[in-house]
Structure formats: structure tokens, C-alpha cells
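S.K.: From the sequence below, what's the structure:
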Amino acid sequence: MTPSRRPLLRALAAAALLALTATAATSTLAQNFPDKPIRIVVPFSPGGGLDATARALGQGLTKRLGQPVIVENKPGGNGVIATSYVASAKPDGYTLYLCVTAPWSILPALYKRPLGYDATKDYTAVALVAEFQTVIFVNPKTRITTLKGYIDHARANPGKLSYSSTGTAQPYTLATELIKSKAGIDILQVPFPGAAPAIQAVVAGDVDSAMFDVGGSAPFIKADRLTPLAVLGKNRVPSLPEVPTVTEAGLTGVDLPMIWMGIVGPGGLPPAVVQKLNTEINAVLRSEEMATMLAGQSLTPLPATPEQMDTQIKGDVRAWGGLIRQLGLQLD
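M.R.: Residues are numbered from 1 along each chain as shown. Okay, the predicted model is just below:
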């Protein structure tokens, strides 16, 4: 062996040893994970559908992982506060984020300013959790009973009707804005820090209408404290079989990406930890307890691989970004 080759071979051997050591460390990390409590951050206030699902998921994971899985609510800023918090967390699997599509697929297209995180790098897809089923509803005092009646009233009274939201950067708000655009109506947005207070505002009559997940609004609909007008999607919702789809109600062209909730972590989570979390989350989703809870919230479970979730997010980036440009929406 020539002397000139010896440094190269030593370097290659050191690199191989380093890779082997890193693989062993990752394997040990996955075997020992978790050895302390895990936090699931929720970007809305307590009481809404996302929060309830996070708590049920946390209970299921606590049983399976043998460590407490607690929920931490960080509402505000259209989800930017919670997203920045999680994106800057240590990528060790102990800080997770139960979010909807907005942080990665909507906010980057909507905001002019930097968000404090890189939406293409500062997350690791872990697991899809559930698909939302969505309903448009009004306070019964409006005496509106159909989507056509809602549109006709809004056209006759521009800017008089109001709708509650959890901020412009959320899927339900964009869906409402798309309906406004397609129907040619002007209704006032009234933002709230979470779905629960937003729905309660309509129940109380402080706001005229809203669009949210069926699970959070169905109890008030069944008690005749809210009047449903239509559901989004191609099919009717099993828990509200008498409520037509938006297309059946006479408004076409309201085609939207799936509205989902899922678990992500900070960018750079170790693959072995991601796989363990994905396996355990999917097991919880398939459990009878979680299935019953999701059905009660009119949520459809979505067991999936991390790769499938990442593909979903990247598709949403294109779809929601296109809608935002179509609507001409932007926030400072």
C-alpha cells in the first residue's frame, strides 16, 4: 500500500464507523423512546374538535407507550404561534403537533412576511389522523333555512350577514371565501381564537353563520339551536343525512382539497422515532375506543404512512396556494 492511500483509507474507515455508530444510536433511541412525557401541541383553544381529538389520541398513546401524552393549547396568530413553537422544538419526538393543513399548505401562500419557520423544511410528517366533514349553518333567528335563501339574503343585504371563523388562514375560512366568490356575495368575517367559541357565537346569535366541522356543530343542530344549510364534499354526511351537499343546494364549482388533521413534528425527527410514532398512532386510530370517538365527532379516520402524509401536504400546497391566488387573498 502506498503511503498516499493510507490517509484516504483511514478517512473512509472513520466515516464507516461514524455511520455505524449513528445507526446504532438511532436504533437505541427508538427502542428506548419514549422515556418521558410527550406533548401534543394544538393551535386552538380547548373545546373544539381538534382539541377533543388530541386528548383522545393522547389517552390512547399513553396506554400504548407507557408515558403520559399531554395536550398543550397554543391558540392565536392563525396557527403561526403554535407552528413556530413546534418548528423550533428539539427534534426528538417529545414535541408533536396536531394541526390541520394550514401551517404548511396555506400560510406560506397567504402571508407576505416571513413566518418564523420554513414550511418546506421545518416539519416531519408523522401520521394523518382524520378527515373533517364540514357543514354550513346559521342561527335560527335569521329565519334562513336553505343555502339559496342564505345567498339571496346576502345579495339583497351586502355586508349585513356575518360569519365566524378561526382566522383567515384556516381551510373553513378559505372555503367560505370561495363560496362568497362563486355566489357573488359580501358577508362579514368575525374571527375567534378557536372553533368552540366561534360556534358558540352563532348559537348565541352574536354572529349569523359559520362553516365548521360537523362534530363540533352537530349537537347544536340536533337541538335546533343551529340550522344546517349544506355540507361540503361530494357526498352527504351520514350523521346529517337530510342536509344537502353544496352542489345539491344549487352552488357549483366549490371544489376543495380534503380538510384533514394530522400529527407532525419538528424537521429532522429520527426516522426510527417517526416510524414508531406512526405505528402507535395508527394502532390507536384502529382501536374501538378511538373509532367510536371519531364517529361521534363525524370524523373519518385516516391511517397512513409518513410518506403518504407528506405527499398529501405537498399536494395541498399546490391546491390551496392556487385557491388563495384565485381569491386574491393576502395577509401582512
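S.K.: drop to CA atoms for contacts and neighbour counts, all remaining ones
M.R.: OK.
S.K.: Strands of the stretch 101-250 of the chain, residue ranges please.
M.R.: Using DSSP state E, counting those that start in this stretch, the strands of the stretch 101-250 of the chain run over 124-132, 134-138, 162-165, 188-191, 209-213, 227-231.
S.K.: Any chance of JSON lines for these, columns distance to Leu147, mean pLDDT and mean neighbour count?
M.R.: JSON lines is the format used below for the strands of the stretch 101-250 of the chain (distance: least, CA to CA, whole Å; pLDDT from 0 to 100; neighbours: other CA atoms under 10 Å):
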{"stretch": "strand 124-132", "distance to Leu147": "20", "mean pLDDT": "95", "mean neighbour count": "25"}
{"stretch": "strand 134-138", "distance to Leu147": "8", "mean pLDDT": "96", "mean neighbour count": "27"}
{"stretch": "strand 162-165", "distance to Leu147": "14", "mean pLDDT": "97", "mean neighbour count": "24"}
{"stretch": "strand 188-191", "distance to Leu147": "17", "mean pLDDT": "95", "mean neighbour count": "18"}
{"stretch": "strand 209-213", "distance to Leu147": "11", "mean pLDDT": "95", "mean neighbour count": "27"}
{"stretch": "strand 227-231", "distance to Leu147": "5", "mean pLDDT": "97", "mean neighbour count": "27"}
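S.K.: Which one of these lies nearest to Arg325?
M.R.: strand 188-191 (19.1 Å; CA to CA).
S.K.: Export the strands of the stretch 101-250 of the chain as a markdown table, with columns for distance to Gln312.
M.R.: Formatted as a markdown table, those follow (distance: least, CA to CA, whole Å):
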| stretch | distance to Gln312 |
| --- | --- |
| strand 124-132 | 9 |
| strand 134-138 | 19 |
| strand 162-165 | 24 |
| strand 188-191 | 27 |
| strand 209-213 | 20 |
| strand 227-231 | 22 |
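S.K.: Could you measure from Ser239 over to Ala175?
M.R.: The gap separating Ser239 from Ala175 is 21 Å, by CA to CA, to the nearest Å.
S.K.: what residue ranges in the stretch 151-300 of the chain score low on pLDDT?
M.R.: In the prediction, the stretch 151-300 of the chain carries no residues with pLDDT under 70.
S.K.: where along it do the helices fall?
M.R.: Here the stretch 151-300 of the chain has its helices, by DSSP state H, counting those that start in this stretch, at 171-183, 195-204, 214-222, 271-285, 288-296.
S.K.: who are the neighbours in contact with the residue nearest in space to the middle of the chain?
M.R.: What sits nearest the mean C-alpha location of the chain, by CA atoms, centre = their mean, is Val100, with 0.9 Å. The contact partners of Val100, taken as CA atoms under 8 Å, 6 or more residues apart in numbering, are 259-262.
S.K.: Now tabulate those residues in JSON lines and tack on neighbour count.
M.R.: As requested, these are exported to JSON lines (neighbours: other CA atoms under 10 Å):
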{"residue": "Ile259", "neighbour count": "18"}
{"residue": "Trp260", "neighbour count": "22"}
{"residue": "Met261", "neighbour count": "24"}
{"residue": "Gly262", "neighbour count": "22"}
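S.K.: Which of those residues fall within strands?
M.R.: For these, membership in strands holds for 260-262, with DSSP state E as the criterion.
S.K.: Just put those in CSV and tack on distance to Gly215.
M.R.: As requested, the ones in strands among the contacts of Val100 are exported to CSV (distance: CA to CA, whole Å):
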residue, distance to Gly215
Trp260, 13
Met261, 13
Gly262, 17
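S.K.: Return the member of the residues you listed nearest to Gly66.
M.R.: Gly262 (21.7 Å).
S.K.: Name the nearest residue to the closest one, ignoring sequence neighbours.
M.R.: Spatial nearest neighbour of Gly262, chain neighbours left out: Leu128 (4.1 Å); criterion: CA to CA, 6 or more residues apart in numbering.
S.K.: ok, now which ones touch that neighbour?
M.R.: So Leu128 contacts 260-263, 302-306, 309 (CA under 8 Å, 6+ apart).
S.K.: Can you tell me how far it is from Ile259?
M.R.: Distance of Leu128 to Ile259, given as CA to CA: 11 Å.
S.K.: now Gln59
M.R.: 24 Å.
S.K.: Looking at the helices of the stretch 151-300 of the chain, which is nearest to Thr53?
M.R.: Going by CA to CA, the one of those nearest Thr53 is helix 288-296, 7.5 Å.
S.K.: Could you pull out the buried residues of the closest one?
M.R.: By 16 or more other CA atoms under 10 Å, the buried positions in helix 288-296 come out as 290-291, 293-294.
S.K.: counting contacts, what elements does whatever helix or strand Ala82 lives in pack onto?
M.R.: Take DSSP states H and E as the rule and Ala82 turns out to sit in helix 80-87. Judged by 3 or more CA pairs under 8 Å, 6 or more residues apart in numbering; DSSP states H and E, the packing partners of helix 80-87 are strand 38-42, strand 95-100.
S.K.: highest average neighbour count across those?
M.R.: Mean neighbours per residue, mean count of other CA atoms under 10 Å, is largest over these for strand 95-100, with a mean of 25.
S.K.: That one pairs with which strands, and in what direction?
M.R.: strand 38-42 (parallel), strand 260-265 (antiparallel) (DSSP bridges).
S.K.: Fine by me, we can end here.
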